[in-house]
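Student: Need coordinates for the below:
(chains A, B, C and D)
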2 protein chains.
Amino acid sequence: MNKDIEIEFSEKAEIFKALAHPTRLFIIHAVKDKIMLVKELTKLVGIDISTMSKHLDILKRHKIIEGKRNKNFIYYRLAIPCVLDFMSCAMKVISKK
Amino acid sequence: MNKDIEIEFSEKAEIFKALAHPTRLFIIHAVKDKIMLVKELTKLVGIDISTMSKHLDILKRHKIIEGKRNKNFIYYRLAIPCVLDFMSCAMKVISKK
DNA sequence: ATTCTATTTGGTGATTTTGCCAATCATAAT
DNA sequence: ATTATGATTGGCAAAATCACCAAATAGAAT
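Tutor: Numbers count the residues shown, from 1 in each chain, chains lettered A, B, ... in the order given. Reported below is the predicted structural model:
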């Protein structure tokens, strides 16, 4: 792989890495039709809130979700609904419902 | 997350993990319209052949590619072309060409 | 049977990712 | 100004991933 190709595929891989964690996939499904708070998500998943915050940060940095502040609450929502399309496509084909 | 949900999202995450590496994405593109040998792929990417073999194994285990033996060569090809669709969709939307 | 080529497997150190705790920051309420 | 609540950040240990080397396997050819 030459340098350009190398960079191209590394960037693409970054996106898959951002999605490659059960908690982060759960978050995507949770915020797909309902704006949610960090605390709510944390409770649903059952992990430390600092861990949740870091997962949210990863998704945010890749522009997969968006956070909006109101008072001192931060509401998260799905930024690119298309993510759901290719996720369900992937799952159907690879046969995990 | 209860146990079932946990398992569901872990399984889904496994697929994204399988795709979350530049070399493995490169392999998918390389075999999408041309059946290829391990050695050929190794040369193209420029890594140790044992490393390549392990990457191929990961894709194989997730049924993303298929290997067929002829003599003592193993030819790899893309098993689920749909992977390309959702990859290009993902990339377009997330704005990495 | 031995040798040769293609590929896989085992092992190990290096790097990355993950998750918790503690500390900090941001905003609101008193 | 102090306190309280929601969220993020820094640090560290545990776990997972990665890449190389060396050794093993599979099959073909001699």
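Student: gap between the spatially most central residue of chain A and chain B?
Tutor: Computing the C-alpha centroid of chain A and ranking residues by CA atoms, centre = their mean puts A:Leu59 first, at 4.2 Å. Distance, A:Leu59 to chain B, by CB to the nearest CB, to the nearest Å: 11 Å. Placement of C-beta: from N, CA and C, glycine included.
Student: What distance do you get for that residue to A:Gly67?
Tutor: Distance of A:Leu59 to A:Gly67, given as CB to CB, to the nearest Å: 9 Å.
Student: give the contact list for A:Leu84.
Tutor: Counting by CB atoms under 8 Å, 6 or more residues apart in numbering or on different chains, A:Leu84 makes contact with A:Ile28, A:Lys32, A:Leu78.
Student: any weak-confidence spans in chain A?
Tutor: Chain A contains residues with pLDDT under 70 at A:93-97.
Student: ok, now with 50
Tutor: Low-confidence segments of chain A (pLDDT under 50): none present.
Student: Leaving out sequence neighbours, find the closest residue to the residue in chain A that chain B sits nearest to.
Tutor: Using CB to the nearest CB, the single residue of chain A nearest to chain B is A:Phe86, 3.3 Å away. Computed as CB to CB, 6 or more residues apart in numbering or on different chains, the closest residue to A:Phe86 that is not its neighbour in sequence is B:Phe86, at 3.3 Å.
Student: looking at it, the one you found is touching A:Met91, isn't it?
Tutor: No: under the criterion of CB atoms under 8 Å, B:Phe86 makes no contact with A:Met91, lying 9.7 Å away.
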